[in-house]
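In: can you look at this prediction? I've put the sequence above it.
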Amino acid sequence: MKFGLQLGYWGASPPVGAAQVVTAAEEIGFDAVFTAESWGSDAFTPLAWWGAATQRVRLGTSVVQMSARTPTATAMAALTMDHLSGGRHILGLGVSGPQVVEGWYGQPFAKPLARTREYVDIVRQVLAREAKVTSDGPHYPLPYNGSGATGLGKPLKPITHPLRADVPIWLGAEGPKNVALTAEIADGWLAIYYTPRLAGMYDEWLDEGFARAGARRSREDFEIAASCQVVVTDDPRSEIDRIKPVMALYIGGMGAEELNFHAQVYRRMGYGNEVDEITRLFRSGRKDEAAQVVPDELILDTMIVGDETQVRSQLQVWEKAGVGMLLVSARDTEQLEKLAPLVRG
């Protein structure tokens, strides 16, 4: 089992000590470091800034929101990051949700699967640099010839030669159609709120994608990285209680009430009634009560917590389910050191 450090996105201000956490993760033996974005800090800048002090770990985005940049702009950032890191970049992409896409980026959210397919195709054209980049659209037509076009646009190839034509593209996906698309066109799956209990269901989604004509990968060379809190402690009760308010936010308050992808994930796990109650309480302003409704079992489905023996046992369960990397968070180097024996085997 490999470990990736998930730095996430910033809150009201940059995290304190993140640079030290990144270098410590590399020294301990982490395989990769990831940054994210929401509607504040971006993913690429912190990755380049903190990643500059590393030599070995892979540097990934989990995830870059597709509506934040055109496909060619994302490809430019990816080829730049790959050069600066000496071929260590992983481009993690995701569609985000309608509140962010339409409310923050001012872009339409409709047809996320078709947009993803078109977006990834353009990024791969740029990285391959075999011909001038073109796209028939309809979402990202190149050259642009729609309303307001001058007619002077022409197909281009990137000036800079990419270091690697096959920079790994991993997709953040939660639903069955998106996971199947990920298996078809991507190099890896960034799974959020994964539970080994439903590995059989995930395998069906993945196998559908692997079986499609022209699929890029097979199960043997496809990476699955699952976000998972891993906490070594003799007081699991405190850790479970600490994470409940966060889960209440994501289940009950993240995204639109009628379209919350995180809530849908937990409904598939069998927590439909709990999701309804958490959502009702959270959206009525009773956030503390919403957190209290979150069952322990819901937390433990997607989190590993316990003493070292218990955690090692659970790691084997996740690995047997097909997960090759766990993306874990750490507030400081002290927390990282508690994970060091697990990372080193």
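Out: Great, that's in hand. Numbers count the residues shown, from 1 in each chain.

In: residue 185 against residue 213, yeah?
Out: No: under the criterion of C-beta atoms under 8 Å, residue 185 is not in contact with residue 213, lying 12.0 Å apart. Yep, even glycine has a C-beta here, placed from its N, CA and C like the rest.

In: the two - which one has more neighbours?
Out: Between residue 185 and residue 213, counting by other C-beta atoms under 10 Å, residue 185 is the more crowded of the two (21 against 5).

In: roughly how far apart are that one and residue 212?
Out: Counting by C-beta to C-beta, to the nearest Å, the gap from residue 185 to residue 212 is 9 Å.

In: in this structure, which helix or strand is least confident?
Out: Across the helices and strands of the chain, the lowest-confidence element by mean pLDDT, DSSP states H and E is helix 261-268, at a mean of 86.

In: could you dump that one to CSV, C-alpha only?
Out: Output of helix 261-268 as CSV, limited to C-alpha atoms (Å, rounded to 0.1, in the frame of the first residue of the first chain):
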residue,chain,number,x,y,z
PHE,A,261,-22.7,14.3,-5.0
HIS,A,262,-21.2,13.5,-1.6
ALA,A,263,-24.7,12.8,-0.1
GLN,A,264,-25.4,10.5,-3.0
VAL,A,265,-22.3,8.5,-2.2
TYR,A,266,-23.5,7.8,1.3
ARG,A,267,-27.0,7.0,0.1
ARG,A,268,-25.4,4.2,-2.0
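
In: any idea how many residues pack against the residue nearest to residue 142 when sequence neighbours are not counted?
Out: Spatially, and ignoring its direct neighbours in sequence, residue 142 is nearest to residue 135 (4.4 Å; C-beta to C-beta, 6 or more residues apart in numbering). Counted with other C-beta under 10 Å, the neighbours of residue 135 add up to 19.

In: which ones are touching residue 135?
Out: If a contact means C-beta atoms under 8 Å, 6 or more residues apart in numbering, then residue 135 has 71, 118, 121, 122, 125, 141, 142 as its contacts.

In: what's the helix or strand for the fourth one?
Out: Here residue 122 is covered by helix 112-128, with elements defined by DSSP states H and E.

In: now that helix: buried residues?
Out: When neighbours are counted by 16 or more other C-beta atoms under 10 Å, the buried residues of helix 112-128 are found to be 112, 115, 116, 118, 119, 120, 122, 123, 124, 125, 126, 127.

In: remind me what that helix packs against, helices and strands.
Out: helix 71-84, strand 89-94, strand 169-172, helix 176-185 (3 or more C-beta pairs under 8 Å, 6 or more residues apart in numbering; DSSP states H and E).

In: where do the helices of this structure begin and end?
Out: Applying DSSP state H to the chain gives helices spanning 18-28, 44-51, 71-84, 98-103, 112-128, 176-185, 199-210, 236-252, 261-268, 272-283, 287-293, 296-301, 308-320, 333-343.

In: need those in a markdown table with distance to residue 217, can you?
Out: Output for the helices of the chain, formatted as a markdown table (distance: least, C-beta to C-beta, whole Å):
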| stretch | distance to residue 217 |
| --- | --- |
| helix 18-28 | 27 |
| helix 44-51 | 24 |
| helix 71-84 | 18 |
| helix 98-103 | 27 |
| helix 112-128 | 13 |
| helix 176-185 | 7 |
| helix 199-210 | 7 |
| helix 236-252 | 29 |
| helix 261-268 | 23 |
| helix 272-283 | 33 |
| helix 287-293 | 39 |
| helix 296-301 | 27 |
| helix 308-320 | 19 |
| helix 333-343 | 26 |
